[in-house]
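Chemist: pasting the structure only:
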């Protein structure tokens, strides 16, 4: 059993195109023995956002703190805050925008590469 | 895209043997299009616990609030609180115990039946 506090996990800037003021901690992943899905924690600074993009896998999101918007494939901006749950289906455009003055923090889980490959076969 | 607040999801008593003062909300699952893993939120009342058991799938846990212990396969009681992350590998005995005076709340994600079946084949 692995037991840690998220604050002890490295908080890495997300450098991909379209990401602004985004950092990510990989909390649980393959090296832990997690072969099916990964747990990550994202922090988006005030004025920042994740890329507006799509990909062939889903997101399961739980918002921990802050104030923001989840933007859907029709560019609808849906307000989110602590306790909000978002399911982004595979293949749909989406992003997360910080609309507040504090950090927007959320868990975002994705299938591992192995599961993605199995799904695509 | 599905967007809800966890408080709007039905909170069902967990009636399985060994569970005490446990309630569960299924936040994201197959009817939402989530074919790989499910997000559930558990609430354990003061003095309560989840069953000490094992099963052939993993848990990915994020503690939201309260004070408790994650018990491992050697019966070690590891303290947990808000922000604790627990990975319980498949096949290992485990449970979660509320050791505080408030509700212990945590997210617990598991692979869906389809992924479990694929893994076991």
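Modeler: Now that the structure is in, tell me what you want to look at. It should be emphasised that the depicted structure is a prediction, and the values quoted were computed from it without experimental measurement.
Chemist: residues touching the closest residue to residue A:94 other than its chain neighbours, list them.
Modeler: Nearest non-adjacent residue to residue A:94, counting by CB to CB, 6 or more residues apart in numbering or on different chains: residue A:88, 4.6 Å away. Placement of C-beta: from N, CA and C, glycine included. Residue A:88 is in contact with A:58, A:59, A:61, A:70, A:94, B:1, counting by CB atoms under 8 Å, 6 or more residues apart in numbering or on different chains.
Chemist: what about the third one, is that helix, strand or coil?
Modeler: So the one you mean is residue A:61. Following DSSP: H, G, I helix; E, B strand; the rest coil, residue A:61 is assigned to strand.
Chemist: Return the distance of it relative to chain B.
Modeler: Distance, residue A:61 to chain B, using CB to the nearest CB, to the nearest Å: 9 Å.
Chemist: hey, what's the residue lying closest to that residue once chain neighbours are set aside bridged with?
Modeler: Nearest residue to residue A:61, sequence neighbours excluded (CB to CB, 6+ apart): residue A:86, at 4.0 Å. On the basis of DSSP bridges, residue A:86 is bridged to residue A:61, residue B:3.
Chemist: isn't residue A:86 right up against residue A:72?
Modeler: No. Applying CB atoms under 8 Å as the test, residue A:86 and residue A:72 come out as separate, 9.3 Å apart.
Chemist: Need the residues touching each of the two.
Modeler: Joint contacts of residue A:86 and residue A:72 (CB under 8 Å, 6+ apart) are A:78, B:1.
Chemist: Mind checking which of these two has more residues around it?
Modeler: Neighbour tally, residue A:86 and residue A:72, criterion other CB atoms under 10 Å in any protein chain shown: the higher count belongs to residue A:86, 22 against 17.
Chemist: and stretch A:83-93, average pLDDT?
Modeler: Across stretch A:83-93, pLDDT averages out at 97.
Chemist: Mind listing the residues bridging to the residue most central in space within chain A?
Modeler: The residue lying closest to the centre of chain A (CA atoms, centre = their mean) is residue A:108, at 3.4 Å. Beta-bridge partners recorded for residue A:108 (DSSP bridges): residue A:40, residue A:61.
Chemist: Which residue ranges of chain A form strands?
Modeler: A:2-5, A:12-13, A:20-28, A:37-49, A:59-65, A:68-71, A:77-80, A:84-88, A:95-98, A:104-111 (DSSP state E).
Chemist: what comes into contact with the third one?
Modeler: The contact list for strand A:20-28 (CB under 8 Å, 6+ apart) reads A:2, A:4, A:6, A:9-14, A:34, A:38-50, A:98, A:107, B:60, B:62, B:85, B:87.
Chemist: same thing but 6 Å
Modeler: The contact list for strand A:20-28 (CB atoms under 6 Å, 6 or more residues apart in numbering or on different chains) reads A:6, A:9, A:11-14, A:34, A:39-45, A:48-50, B:60, B:85, B:87.
Chemist: next one: it to chain centre, how far?
Modeler: Centroid separation for strand A:20-28 versus its chain: 8 Å, with CA atoms, centre = their mean, to the nearest Å.
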